[in-house]
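Q: curious how this folds, go ahead:
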Amino acid sequence: MISDSLLTLNPSSSSSVSVSASVYKFVQEHGRTFHRYKEGKYFIPNDEREQQRMDYQHAISKVLLGGKLGLAPVGTPKQVLDLGTGTGIWAIEFAEENPASQILGTDLSPIQPEYIPPNCRFEIDDLDDDWVYSHKFDYIHGRGLLPFIKTSWDKLFRTVHDNLEPGGWAEFQETVPYARSIDNSIEGTALQRWNTLLLQGMQKLNGRVATEALRCKSYLADAGFVNLGEKKFAVPLNTWAKGKEQKALGAMQMVNNLEAVDGITMAVFTRAFGWATEEVDNLLADLKRDLQDRTIHAYCSVVVAWGQKPH
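A: The predicted structure follows:
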């Protein structure tokens, strides 16, 4: 970590920036808070509880990537864009590791920390809108985006391509919200029922088929990227898997999922299906039992894909 003396005030939290105060008045829904800017578009909370979970998920990501922030061979990019930056933890760590780079993180929610590295800044933005940046980027990074955006993925990848300098890199990391099992142990479980309904609800709300995130590499190729790379991971949902490392990874993922399911389930099921909160709570109770059941040999897929804009 860099010393406090090298930290600067995040401009988005400063009164010198003309950001409407209303974006900080988050929407209250079922005891959680959600973004005010483009209200209702995103169905994951933004409160302190969720922010801690986001940072925990970031730690899981680094375990998968061997301690790295990404797998693309980006070198030392001058201009970096982090899409859907969330708490800003990826952007901040990249800024710390690459002091010669300038990092911009964008998100619907202004939840990033007040003090940040001097080469890092954040803006409230919606990646579904037209991109009007004053310069192109050398590296564009996105993580956990595709199941939640409304723009067609073809258009998003073309937009990313258009906003890169020749030779620049794009990299996406997606956790596909689709649980499978290595045997038939998931069949007939609350986990399976919940997952099926979640995918249906997400598609109803934003028109996207979340499992298409597995095709990141194909979307990059179709957008004109070259030097493509891809790595896929099967992440156990609890400690059922064999081996010390897989058990440790499964334990982390179980903690992450037990915290994550409350907010997204309540939002999706009440908005998409009109469920009563009691009905959602009953399903969540059964789901959480399944998430901790080591006889259910379930896993989720994480895909990392990257590509380079031709010189």
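
Q: where does pLDDT dip in the stretch 1-150 of the chain?
A: For the stretch 1-150 of the chain, the stretches flagged by pLDDT under 70 are 1-21, 24, 35-42.

Q: please, where are all the helices along it?
A: For the stretch 1-150 of the chain, applying DSSP state H, counting those that start in this stretch gives helices covering 48-64, 89-97.

Q: ok, which of these comes nearest Trp194?
A: Checking the helices of the stretch 1-150 of the chain against Trp194 by Cβ to Cβ gives helix 48-64 as the closest, at 17.8 Å. C-beta coordinates here come from the backbone N, C-alpha and C atoms, glycine included.

Q: just so I know, which of the helices of the stretch 1-150 of the chain lies nearest Ser152?
A: helix 89-97 (24.7 Å).

Q: what is the burial count for the closest residue in space to Asp290 that isn't next to it in sequence?
A: Excluding the flanking residues, the one nearest Asp290 by Cβ to Cβ, 6 or more residues apart in numbering is Leu191, at 4.0 Å. As a burial measure, Leu191 scores 24 neighbours (other Cβ atoms under 10 Å).

Q: next: Arg180.
A: Quick note: Arg180 (other Cβ under 10 Å) scores 15 neighbours.

Q: would you confirm that it contacts Ala298?
A: Yes. Assessed by Cβ atoms under 8 Å, Arg180 is found in contact with Ala298 at 6.7 Å.

Q: and for the two, which residues touch both?
A: Common neighbours of Arg180 and Ala298, using Cβ atoms under 8 Å, 6 or more residues apart in numbering, are Ile186.

Q: could I get the pLDDT score of the closest residue to Ala190 other than its chain neighbours?
A: Leaving aside its sequence neighbours, Ala190 sits nearest to Asp286 (Cβ to Cβ, 6+ apart; 3.6 Å). Asp286 carries a pLDDT score of 98 in this model.

Q: circling back: which of the helices of the stretch 1-150 of the chain sits most buried?
A: Among the helices of the stretch 1-150 of the chain, helix 89-97 has the highest mean neighbour count (mean count of other Cβ atoms under 10 Å), at a mean of 21.
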